[in-house]
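> the following block contains a protein sequence and its predicted model.
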There are 2 protein chains.
Amino acid sequence: MSRLKILKNVLDANDTVAAAIRADLSRRGLPCLNFISSPGAGKTALLERLIADLTGELRFGVVEGDVATANDAERIARAGAPVVQVNTEAYGGDCHLNAGVVRAALDELPLDEVDLVVIENVGNLICPCSFDLGEDAKVLLLSVAEGADKPLKYPLSFRSAGAIAITKTDAAPFLGEEPERYAENARAAAPGVPIFQLSAKSGDGVAAFAGWLRALVAAKRTA
Amino acid sequence: MSRLKILKNVLDANDTVAAAIRADLSRRGLPCLNFISSPGAGKTALLERLIADLTGELRFGVVEGDVATANDAERIARAGAPVVQVNTEAYGGDCHLNAGVVRAALDELPLDEVDLVVIENVGNLICPCSFDLGEDAKVLLLSVAEGADKPLKYPLSFRSAGAIAITKTDAAPFLGEEPERYAENARAAAPGVPIFQLSAKSGDGVAAFAGWLRALVAAKRTA
């Protein structure tokens, strides 16, 4: 029982910092998204594509979370956005980001020069969903290489999402997969959550997701 | 600090049960493998293939771990092996199996009628690596849809493996991926760990992995 109590305190502490992040970013009129997926579902690739497609229109600030390496931050920097890499290896190889490290990372970003903040969480479809980072919405990515039953197998994760992206749709024919089956199961697991089918590689469907981002930014500015 | 102490006790308790499982299975001459990977890397598909290819030679007993659904257990049962499904949704949506639930699952398996035990962990490349389940070795699976840098980004996980399987190699050409780059990075992250490149769909490379299993079973019988 005491373990539960103490873990609850840790989560409470996380929530306090997350609430402060949310208040700070709202005051600045900046929406914040928390990208969550299995390893290799294409979080970084989608960000690279969005940064390129929305150049001159929306300026991204990015926090990259990984157990190790700065590979993703290097990719985002090459795409042209300010980025801070967090490596959880430094504190035990954590399986998720927490609000404290995100706060420290945000302090290193030029928040006055961006239109929205995207946090790319550690590749893990389960644990990151339990940690509020002060985001406006979690975006859950699921690649068509993972199997269409994943929304049913990880219902708590999909239910926590504010938007769902079925990714790598260009590879579906080669893999013998049907993106619409993924979307169907995502709808069943998370009723009412907007679902996007897209390929960062071919660009198919990215415009619809970019439209969702634009609306988010506009709503936050007028709030 | 107190959180660390209490979590350490939880891990100690897990290790005590895991040691008892290891002793029990060793007494029976049964090797035990713990399959770990991201969601959708093909743990179940490889098991289905192995059960089919080794019919009449090696009898598998399987423990299936998932947050929700009995999809994988149904697939394994159809393949012809005795199987027990564990759903972690029942205890908070845990991101990994622990030794206690594995002990309970093993008690439901006909251990006198199998030659080896495979535990298919919850789809998660990070957390399951920290929990000893009484296995002889962890087998880490990495699909060529996930990106070749994953062994470098999850070094602690790959370092914990007794064997590594690069999966879905049949899809590599369509995805623009090169399985050998995955193997190179796996070798760098986990020096000395045997690495198999295989496709459960085409069957390529499965025989080499089956050979490794045979050696494991033979070694355990004569131990």
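Everything's here; your move. Numbers count the residues shown, from 1 in each chain, chains lettered A, B, ... in the order given.
> buried ones in the lengthiest helix in chain A?
The longest helix of chain A (DSSP state H) is helix A:2-27. Residues of helix A:2-27 classed as buried under the neighbour-count rule (16 or more other Cβ atoms under 10 Å in any protein chain shown) are A:Ile6, A:Asn14, A:Val17, A:Ala18, A:Ile21, A:Arg22, A:Leu25. For the C-beta atoms, the positions are set from N, CA and C on the backbone; glycine is no exception.
> redo these as JSON lines? Include distance to A:Glu74 and pLDDT.
Conversion of the buried residues of helix A:2-27 to JSON lines gives the following (distance: Cβ to Cβ, whole Å; pLDDT from 0 to 100):
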{"residue": "A:Ile6", "distance to A:Glu74": "38", "pLDDT": "61"}
{"residue": "A:Asn14", "distance to A:Glu74": "28", "pLDDT": "93"}
{"residue": "A:Val17", "distance to A:Glu74": "27", "pLDDT": "96"}
{"residue": "A:Ala18", "distance to A:Glu74": "27", "pLDDT": "97"}
{"residue": "A:Ile21", "distance to A:Glu74": "25", "pLDDT": "98"}
{"residue": "A:Arg22", "distance to A:Glu74": "29", "pLDDT": "98"}
{"residue": "A:Leu25", "distance to A:Glu74": "25", "pLDDT": "98"}
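> give me the three-state assignment for the most centrally placed residue in chain A.
Nearest to the mean C-alpha position of chain A, by Cα atoms, centre = their mean, lies A:Phe35 at 0.7 Å. Secondary structure state of A:Phe35, per DSSP: H, G, I helix; E, B strand; the rest coil, is strand.
> that one contacts A:Val139, doesn't it?
Yes. Counting by Cβ atoms under 8 Å, A:Val139 is a contact partner of A:Phe35 at 5.1 Å.
> return the residues in contact with A:Ala207.
A:Asp53 (Cβ atoms under 8 Å, 6 or more residues apart in numbering or on different chains).
> please, which helix or strand holds it?
helix A:206-222 (DSSP states H and E).
> ok, A:Tyr182 next?
helix A:179-189.
> give me the contacts around that helix.
The contact list for helix A:179-189 (Cβ under 8 Å, 6+ apart) reads A:142, A:144, A:148-152, A:154-155, A:158-159, A:164, A:166, A:169, A:172, A:193, A:195, A:197.
> 7 Å instead, please
Outside of helix A:179-189, the residues within contact range by Cβ atoms under 7 Å, 6 or more residues apart in numbering or on different chains are A:142, A:144, A:148-149, A:151-152, A:155, A:158-159, A:164, A:166, A:169, A:172, A:195, A:197.
> can you narrow these to ones near chain B?
Contacts with chain B are made by A:Asp149, A:Leu152, A:Pro155 out of the contacts of helix A:179-189, judged by Cβ under 7 Å from any Cβ of the partner chain.
> tell me the one of these nearest A:Leu58?
A:Leu58 has its nearest neighbour among these in A:Pro155, at 32.0 Å by Cβ to Cβ.
> identify the residues contacting that closest one.
For A:Pro155, the contacting residues are A:Ala189, B:Ala68, by Cβ under 7 Å, 6+ apart.
> next one: A:Gln85
A:Glu64, A:Ala70, A:Ala73.
> out of the residues you listed, who's nearest A:Leu116?
Using Cβ to Cβ, the contacts of A:Gln85 come closest to A:Leu116 at A:Glu64, 15.3 Å.
> close to chain B: what parts of chain A are there?
Chain A comes close to chain B at residues A:2-3, A:6, A:10, A:38-40, A:66-69, A:71, A:93, A:95, A:123-127, A:143, A:145-147, A:149-150, A:152-156, A:171, A:174-175, as judged by Cβ under 7 Å from any Cβ.
> kindly recompute the last result at 8 Å.
Applying the criterion Cβ under 8 Å from any Cβ of the partner chain, the portion of chain A that neighbours chain B consists of A:2-3, A:6-7, A:9-10, A:38-40, A:66-69, A:71, A:89, A:93, A:95, A:122-127, A:143, A:145-147, A:149-150, A:152-157, A:168, A:171, A:174-175.
> the helices in chain A, which residues?
Using DSSP H, helices in chain A cover A:2-27, A:43-53, A:71-79, A:99-106, A:150-153, A:155-159, A:172-175, A:179-189, A:206-222.
> looking at these, which is buried most?
Among these, ranked by average contacts under mean count of other Cβ atoms under 10 Å in any protein chain shown, first place goes to helix A:150-153 (a mean of 24).
> neighbouring contacts of that helix?
Residues beyond helix A:150-153 that count as contacts (Cβ under 8 Å, 6+ apart) turn out to be A:38, A:125, A:142, A:158, A:164, A:182, A:185-186, A:188-190, B:39-40, B:66-69, B:71, B:123.
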